[in-house]
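Enquirer: kindly generate the corresponding structure for this input.
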Amino acid sequence: MVDIKFIARKCSVSTATVSRVLNHSKPVRPETEKKVLEAVKKYNYLPNSSARCLSGKKSKLLGFLLDNNINQYQLHLFREINTCSSKAGYDCIIRYCDSSFENKLAALKELEWRGIQVIFTMFLLDPEEENYIKEHTRLHICNMQTPEIGLDLAANNQRAVYHGVNYLIEKGHTKIGAIFYDDHIDGSFLTAREIGFRKALEHKEIAVQEKYICYVKNEVKREKISKLMEKLILPYDYPTAIFCCSDEIAIETMLWLMKHGYVVPEYISVIGFDGIDMGEMLTPALTTIGQPIRYQAKQIVQNMIRLAGENYNFPKETDEGYRLIVRESTDVVNLK
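Expert: Model (predicted):
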């Protein structure tokens, strides 16, 4: 029988040490932790509630699966999540991987071996991936869009972008371009941003010019943005404003424009999405749609704890919501 004593014998450690590794309750030497986790994986051991809780206490762990290429918004969000988790008496166990399903599944199983029941991921899983995880693990997987997390992300993102593009229209722009993430999951918040963009133009009876719309994979690299910009910005044919679906894309866009002689905002205005600190440090500073990161973090942690069968409520505070932060990158319009 493969139980906690069996794993302890195979690793030549005590059952208490195995418990500490699985529960992340006290520090364990890295080499010992690695040896225990390898044995757990090799012998397909899934800790039950009694093995996880030798001390008689429930595991106070929340699991998180993040992309290796974590962006600045996600980094800020997880700092807040870690703070909120600590206040609630929980520890965060984080695993990173790339976007391949095989690697995501391996990371999820490692978190499951630690006795974690609820895992939050920034990855958007397609229906086939979600079904496979449900069939082969006992995990409750959630993300920014999971209804139980309570963020109503798609609707909020669509509404926020709609208002941001309306602002550009009110400034006099009719040739508005955009750079979106290449996301094909129906109902995702990334798709919702594009819907908000298109609806804003449609409601003002402004034609969407597809030649001014580009798509980029989730990993933002300077060389990829440069290739997109070479197609988007032609010497005598370019948009007067560009909406970027993240601040990181907007920053790379502005750097390319300025390098190639297109002064921001005199020639082309730029607006981003997320509200990361780096945007304010640029010259000119980036206009952006700020996300309510503190509110999002509290909602995520509070509802993950509830999904794990416990209750914790943070003090109520006003949700500041998504907000348009107007700065210099959209301050001047020079329409020809």
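Enquirer: where do the helices sit along the stretch 201-336 of the chain?
Expert: Remark: helices assigned in the stretch 201-336 of the chain by DSSP state H, counting those that start in this stretch are 222-232, 247-259, 278-281, 293-307.
Enquirer: centre of the chain to the third one, how far?
Expert: Okay, so that is helix 278-281. A distance of 19 Å separates the centroid of the chain from that of helix 278-281, by CA atoms, centre = their mean, to the nearest Å.
Enquirer: how near is the closest residue to residue 225 other than its chain neighbours to residue 115?
Expert: Nearest non-adjacent residue to residue 225, counting by CB to CB, 6 or more residues apart in numbering: residue 252, 4.1 Å away. Just so you know, the C-beta spots here come from the backbone N, C-alpha and C atoms, and that holds for glycine as well. Residue 252 is 41 Å from residue 115, where distance means CB to CB, to the nearest Å.
Enquirer: the closest residue to residue 237 other than its chain neighbours: how many residues sit nearby?
Expert: With sequence-adjacent residues excluded and distances taken as CB to CB, 6+ apart, residue 237 is closest to residue 211, at 7.9 Å. Neighbour count for residue 211, taken as other CB atoms under 10 Å: 12.
Enquirer: same check on residue 141?
Expert: Neighbours of residue 141 (other CB under 10 Å): 20.
Enquirer: please, which helix or strand holds it?
Expert: Here residue 141, judged by DSSP states H and E, is contained in strand 140-142.
Enquirer: direction included, what does that strand pair against?
Expert: Strand 140-142 sits in its sheet next to strand 118-121 (parallel), going by DSSP bridges.
Enquirer: who's in contact with the partner strand?
Expert: Residues from elsewhere that reach strand 118-121 (CB atoms under 8 Å, 6 or more residues apart in numbering): 62-66, 81, 104, 108, 111, 139-143, 149, 300, 304, 307-308.
Enquirer: per-residue confidence averaged over it?
Expert: Strand 118-121 comes out with an average pLDDT of 94.
Enquirer: after that strand, which helix or strand is next?
Expert: helix 127-136.
Enquirer: got a list of contacts for that following helix?
Expert: Counting by CB under 8 Å, 6+ apart, 101, 104, 105, 108, 125, 139, 141 sit against helix 127-136.
Enquirer: stretch 257-269 too?
Expert: With CB under 8 Å, 6+ apart as the test, stretch 257-269 has contacts from 168, 171, 173, 229, 233, 238-242, 254, 270, 284, 287, 328-334.
Enquirer: which positions within it qualify as buried?
Expert: 257, 258, 262, 264, 265, 267, 268, 269 (16 or more other CB atoms under 10 Å).
Enquirer: end-to-end on stretch 264-280?
Expert: Terminal residues of stretch 264-280 lie 14 Å apart, using CA to CA, to the nearest Å.
Enquirer: so which residues of the protein form strands?
Expert: All strands of the chain, identified by DSSP state E, fall at 61-67, 91-97, 118-121, 140-142, 176-181, 213-216, 241-244, 269-274, 287-290, 323-325.
Enquirer: highest mean neighbour count out of the ones you listed?
Expert: strand 241-244 (a mean of 29; mean count of other CB atoms under 10 Å).
Enquirer: top helix in this structure by residue count?
Expert: The helix that spans the most residues within the chain, counting by DSSP state H, is helix 153-170.
Enquirer: between strand 176-181 and that one, find me the angle.
Expert: Using axes from the mean of the first three to the mean of the last three CA atoms, to 10 degrees, the direction of helix 153-170 lies 160 degrees away from that of strand 176-181.
Enquirer: show the contacting residues for residue 322.
Expert: So residue 322 contacts 156, 157, 159, 160, 289, 290, 291, 292 (CB under 8 Å, 6+ apart).
Enquirer: most neighbours among the residues you listed, please name it.
Expert: residue 157 (27 neighbours).
Enquirer: ok, that residue touching residue 193?
Expert: Yes - here residue 157 reaches residue 193: they are 5.2 Å apart, a contact under CB atoms under 8 Å.
Enquirer: for the stretch 201-336 of the chain, give me the ranges with low pLDDT.
Expert: 219, 319, 332-336 (pLDDT under 70).
Enquirer: returning to that earlier point: export the helices of the stretch 201-336 of the chain to TSV and append columns for distance to residue 178.
Expert: Formatted as TSV, the helices of the stretch 201-336 of the chain follow (distance: least, CB to CB, whole Å):
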stretch	distance to residue 178
helix 222-232	9
helix 247-259	10
helix 278-281	17
helix 293-307	23
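Enquirer: closest to residue 13 out of the ones you listed?
Expert: With CB to CB as the measure, helix 293-307 is the member of the helices of the stretch 201-336 of the chain nearest residue 13 (30.3 Å).
Enquirer: ok, residues contacting that closest one?
Expert: So helix 293-307 is contacted by 62, 73, 76-77, 80-81, 83-85, 88, 90, 117-118, 120, 140, 142, 144, 148-151, 275, 311-314, 317, 319-320 (CB under 8 Å, 6+ apart).
Enquirer: tell me which two in the contacts of residue 322 are the farthest apart.
Expert: Across those (CB to CB), the longest gap, 13.8 Å, separates 159 and 290.
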